[in-house]
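A.B. asks: let me see the structure of the following:
(one chain, ligands or ions: 1)
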Amino acid sequence: MDLYMTFAAHFDAGHRGTPEHASHHHGHHYKVEATTSGVDASLGTDLDFLVAEFVGRDVEDMLNGGGSDVCSMAANFLERLMLAHPGMTQVVVWETDRVSGRAVRTRTGRG
Ligand SMILES: [Zn+2]
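C.D. replies: Below is the predicted model:
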């Protein structure tokens, strides 16, 4: 079997929304889940450090944009966590309890 560990962190941040979602500036209580294969006890600390950059900021200002915010955030978190955590397999960012974005590490290329 394959074993994975998942660490979670929460933070509040704002974004401008979309016409389909909410066309005005507003905030969310985001939840991030970072999953690594095997045991990696320091992942939780590094995840906390990463999300601290986003607290009280606008998501659009922190990312390159393109696609949905939750998918951009998940991809950004996964790319950065992979630098220090080679076992990283995926990151999920929850915007509400109904909507999340997921970045999954692929086996091909650099990812
Ligand atoms: Zn929103």
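A.B. asks: and the lowest-mean-pLDDT helix or strand in the chain, what other elements does it pack with?
C.D. replies: Across the helices and strands of the chain, the lowest-confidence element by mean pLDDT, DSSP states H and E is helix 59-62, at a mean of 82. The elements that helix 59-62 packs onto, with contact taken as 3 or more CB pairs under 8 Å, 6 or more residues apart in numbering; DSSP states H and E, are strand 4-15, helix 69-84. Quick note: C-beta positions are derived from backbone N, CA and C, even for glycine.
A.B. asks: what's the first helix or strand after the first one?
C.D. replies: Meaning strand 4-15. Secondary structure here is assigned by DSSP states H and E; on that basis, the next helix or strand after strand 4-15 toward the C-terminus is strand 26-37.
A.B. asks: and that following strand, average pLDDT?
C.D. replies: Along strand 26-37, the predicted confidence averages to a pLDDT of 95.
A.B. asks: burial of residue 63, as a residue count?
C.D. replies: 17 (other CB atoms under 10 Å).
A.B. asks: next up, the contacts around it.
C.D. replies: Applying CB atoms under 8 Å, 6 or more residues apart in numbering to residue 63 gives the contacts 69, 72-73, 76.
A.B. asks: just those residues now: which is nearest residue 31?
C.D. replies: Looking at the contacts of residue 63 and their distance to residue 31, the nearest is residue 73, at 11.0 Å (CB to CB).
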